[in-house]
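Asks: next one to model:
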Amino acid sequence: MNEETKNELLAIYRDSLQPPYFGGFRSWCEENIILPSAYAIPGKLDLSISPYLIKPALDFDNPNITQINLCMATQVGKSLLSELFIPYTVINQPGPLFRIFQTKELSDKFAEDRLIPLLKECELIKPLLRYDRFSTKKNGIKFPHTSVTLGSSNTSLAHGSSVRYLLCDELHTWDTGLFDLFKARTTAFSGRRKIICASQPGKTGSEWENICYKGLVYEWSWLCPKCKTKQLFHWSYSKPDNTYAGMNWDTVLLPDGSTNINESAKTAHLDCIKCDHQIHDTPSERYLLNNTGDYTLTKNDGDTSIVTYIAPGLVNAGLSFKSIVSQYLVAKQMQRMTALDDQMQIFVTQVLGKFYKRESEADLSKILIEAYNKEGLDKDWIPVLGVDVQRTGGVKYYVVRAWHRNGNESRRLEFGIARTFDEIQTIQKKYNILNPMVHVDSGDGEMTQVVYQECLKRGNVVGQRGNLEYMSWVPTKGDQKVNYKHKDDVTRLFSEPSLQESGFPVGHKLKGIPAKLILFSNFSLKTILGQLRDNLIPGITWKIDQPDDQYEKHLYAERLVDVVDKKSGQITKRWVQEGKDNHYFDCEVLCLLGAIRAKSFSAIEINEADIKRLTEESRHT
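Replies: This next block holds a predicted model:
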């Protein structure tokens, strides 16, 4: 080794021998970190512009806290703290470190665009990167005294040597169980380890949500400048006087009754839950909101060595209320028009910073209860209308049946034959039947699209506060399934809406609105109806208004029989039509479907033994 090289190495060694730093993580970073151009705000680091990051940064210095979860909306700087932690530990508390992403591509991109430029901008670390033998690669960096390993969340990387620091990115995308495997690699450093998880929320019930709620939970709150009430960022806060606090706006409608998203979003404002003071959508008021905010402890039990910080996108003062409300209204419109909730899930997790729980069929029950509480509608009975459409002649059999809200009693109000859909609508109005409680058999062939269009023509806009929805009659179709698994993991006797092209011509006001077809289990619903028909379900009364021979023949035109499968030889149960016509029976099935969807009747699953026993006991075979 020549003298020049020797002196240079000694100088590097001497310069790296810094006295211990006692200022803490935040102070060190603000003194030594220069953010490169890849960051949103390049230049000298200043955490004071992001006050919601300060308390988590202080916990980086707390030896009693071993795991910090940053569960926040996107683009608020949660990953920044993890990235700053790398140069801080390299200089002050060296130890093997893992930085894990959901994919290798993201890991490589982070190394090239952010980490390596970040380290090279730090004067204390730059000398350690000068020589090739201290390798700098996409999969990690080896320093003379420690190492930083980068990679993706896969099982092969989760096994191996121990690490003192574990930095996890976007855990909401990780496979279940992987986090525990990576966490196990820190066991050897128990008492000295630090685990930092930075991710937007995911779905309710996910592993990431369970990780967040294992210890203490802090949520970012804002301070009302008028009454000084500290409160969470509520999107919609229902008050005792039936008004709403949180984010509010005036719903401006277009001539066709739909929401004018742009004009509605312009009226957005944030209302205090106590004094109704309004925070207006101006930069100065949004910055005041951010600068006076603080964390609220919302969960104070569990493992105190684990803390979770939750913050919405509203902490970004550059994000206008208008843009947020616009995104919500677009997501709501997509959810209403397509029955898909992808955009709404993005809004809740990435903007509100909340775990997403999909709206379920239970909401229909709530809508009906609220509607029937209005003046002029019966408060105890919910009427339903089942319509069986015939392919030939346009004949429409119908049955009107009312179910008591307690679910213990129903009564037939009317039945008959109609020639037109307008006649059906007249019957609907006669009994004050809401659109979601009109169930129409979609039939087959050319009649199917006719039914879709006629159902949509009878639709109307319902809802409030921007939650407007086009609610029409419900086209239905019997299916061979026994039940259906919904997205909220609940098994029901009917499906979620299946979007169908309604076939309206170009220029029609309803063009583009799909028909929302509901599939239902023929076997399950007919089995339940057969028991109701024969008064075989204890505690449930199923009545007709007056006897009628024609209705009676239809009602008992089908029965449950044993059928031998020709291929397997197994005996299965099946409903078989024996009479000439069964139309009123089909109408009653649709009425039962309506009662189950409205939660006026609780469909209890019946096992094979019960079906056989009830069939044998039936008075009509």
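
Asks: what is the helix or strand harbouring Val589 packed up against?
Replies: Per DSSP states H and E: Val589 is located in helix 583-597. When contacts are defined as 3 or more Cβ pairs under 8 Å, 6 or more residues apart in numbering; DSSP states H and E, helix 583-597 packs onto strand 381-389, strand 396-404, strand 409-418, strand 438-441, strand 474-479, strand 515-521, helix 522-533, helix 549-555. (C-beta placed from N, C-alpha, C; glycine too.)

Asks: let's see it at 7 Å
Replies: With contacts defined as 3 or more Cβ pairs under 7 Å, 6 or more residues apart in numbering; DSSP states H and E, the packing partners of helix 583-597 are strand 381-389, strand 396-404, strand 438-441, helix 522-533, helix 549-555.

Asks: just for this structure, where's the confidence low?
Replies: Counting by pLDDT under 70, the ranges of the chain that qualify are 1, 5-22, 130-138, 336-340, 358-376, 461-469, 602-621.

Asks: go through it and flag its longest helix.
Replies: Longest helix of the chain, by residue count under DSSP state H: helix 321-338.

Asks: that older thread, kindly reformat the helices and strands packed on helix 583-597 as TSV containing distance to Cys212.
Replies: TSV is the format used below for those (distance: least, Cβ to Cβ, whole Å):
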stretch	distance to Cys212
strand 381-389	40
strand 396-404	42
strand 438-441	42
helix 522-533	38
helix 549-555	54
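
Asks: export those to CSV and tack on distance to Gly459 and mean neighbour count?
Replies: Converted to CSV, the helices and strands packed on helix 583-597 look like this (distance: least, Cβ to Cβ, whole Å; neighbours: other Cβ atoms under 10 Å):
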stretch, distance to Gly459, mean neighbour count
strand 381-389, 15, 26
strand 396-404, 18, 24
strand 438-441, 10, 25
helix 522-533, 25, 20
helix 549-555, 29, 16
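
Asks: quick one: closest of the ones you listed to Ile116.
Replies: helix 522-533 (60.6 Å; Cβ to Cβ).

Asks: what are the C-alpha coordinates of that closest one, in CSV please?
Replies: Extracted C-alpha coordinates of helix 522-533, given in CSV (Å, rounded to 0.1, in the frame of the first residue of the first chain):
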residue,chain,number,x,y,z
ASN,A,522,-84.2,-21.9,-6.5
PHE,A,523,-83.7,-25.0,-4.3
SER,A,524,-83.2,-23.1,-1.0
LEU,A,525,-86.0,-20.5,-1.5
LYS,A,526,-88.5,-23.1,-2.7
THR,A,527,-87.7,-25.4,0.2
ILE,A,528,-88.4,-22.6,2.7
LEU,A,529,-91.5,-21.5,0.8
GLY,A,530,-92.8,-25.1,0.8
GLN,A,531,-92.6,-25.1,4.6
LEU,A,532,-94.2,-21.7,5.0
ARG,A,533,-96.9,-22.8,2.6
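
Asks: elements contacting that helix?
Replies: On a contact count with 3+ Cβ pairs under 7 Å, 6+ apart, helix 522-533 meets strand 558-564, strand 571-577, helix 583-597.

Asks: next, the angle from the longest helix of the chain to strand 515-521.
Replies: Orientation note: helix 321-338 sits at an angle of 50 degrees relative to strand 515-521 (axes from the mean of the first three to the mean of the last three Cα atoms, to 10 degrees).

Asks: what's the next secondary structure element after helix 321-338?
Replies: According to DSSP H and E, the helix or strand after helix 321-338 is helix 342-346.

Asks: spatially central residue in this protein, please.
Replies: Nearest to the mean C-alpha position of the chain, counting by Cα atoms, centre = their mean, stands Tyr356 at 3.2 Å.

Asks: quick check: that one touching Phe347?
Replies: No - between Tyr356 and Phe347 there is no contact under Cβ atoms under 7 Å: 8.8 Å.

Asks: give the residues shared as contacts by those two.
Replies: Shared contacts of Tyr356 and Phe347, defined by Cβ atoms under 7 Å, 6 or more residues apart in numbering, are absent.

Asks: still on that earlier bit, tell me which of the helices and strands packed on helix 583-597 lies nearest to Lys573.
Replies: Between these, helix 522-533 lies closest to Lys573; by Cβ to Cβ that is 7.4 Å.

Asks: centre of the chain versus the closest one, how much separation?
Replies: Chain-centre distance of helix 522-533: 33 Å, with Cα atoms, centre = their mean, to the nearest Å.

Asks: what are the buried residues along the next helix or strand along the chain from it?
Replies: Later in the chain than helix 522-533, the nearest helix or strand by DSSP H and E is strand 541-543. Within strand 541-543, the residues scored as buried using 16 or more other Cβ atoms under 10 Å are Trp542.

Asks: ok, the residue nearest to the centre of the chain - contacts?
Replies: Contacts for Tyr356 were tallied using Cβ under 7 Å, 6+ apart; they are Pro201, Lys203, Thr204, Gln345, Val348, Thr349.

Asks: kindly report the same for Arg185.
Replies: Ser162, Val163.

Asks: now do the one 10 residues further on
Replies: With contacts defined as Cβ under 7 Å, 6+ apart, the neighbours of Ile195 are Thr66, Gln67, Leu166, Lys183, Thr186.

Asks: alpha carbons of the helix or strand harbouring it, as PDB, please.
Replies: Assigned by DSSP H and E, Ile195 belongs to strand 194-199. C-alpha atoms of strand 194-199 as PDB (Å, rounded to 0.1, in the frame of the first residue of the first chain):
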ATOM      1  CA  LYS A 194     -36.500  -1.800  16.000                       C
ATOM      2  CA  ILE A 195     -39.300  -2.700  13.600                       C
ATOM      3  CA  ILE A 196     -40.900  -0.100  11.400                       C
ATOM      4  CA  CYS A 197     -43.900  -0.800   9.300                       C
ATOM      5  CA  ALA A 198     -45.100   1.900   6.800                       C
ATOM      6  CA  SER A 199     -48.200   1.100   4.800                       C
END
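
Asks: now the helix or strand just after that strand: buried residues?
Replies: Using DSSP H and E, the helix or strand that follows strand 194-199 in sequence is helix 207-212. By neighbour count on 16+ other Cβ under 10 Å, the buried set for helix 207-212 is Glu207, Trp208, Glu209, Ile211, Cys212.

Asks: OK, contacts around the third one?
Replies: Applying Cβ under 7 Å, 6+ apart, we find Glu209 in contact with Gly202, Phe355.

Asks: likewise for the first one?
Replies: Taking Cβ under 7 Å, 6+ apart, we find Glu207 in contact with Thr176, Phe179.

Asks: cool, and the fourth one?
Replies: The neighbourhood of Ile211, defined by Cβ under 7 Å, 6+ apart, consists of Asn69, Leu171, Phe179, Cys197.

Asks: ok, so of these, who is nearest Ala598?
Replies: Nearest to Ala598 among these is Leu171, at 38.9 Å by Cβ to Cβ.

Asks: I'd guessed the closest one sits against Gln200; true?
Replies: No - when contacts are counted by Cβ under 7 Å, Leu171 is not listed as touching Gln200 (9.4 Å).

Asks: okay, now the sheet partners of the strand or helix carrying Cys71, with direction.
Replies: Assigned by DSSP H and E, Cys71 falls within strand 67-72. Here strand 67-72 has these sheet partners by DSSP bridges: strand 194-199 (parallel), strand 303-311 (parallel).
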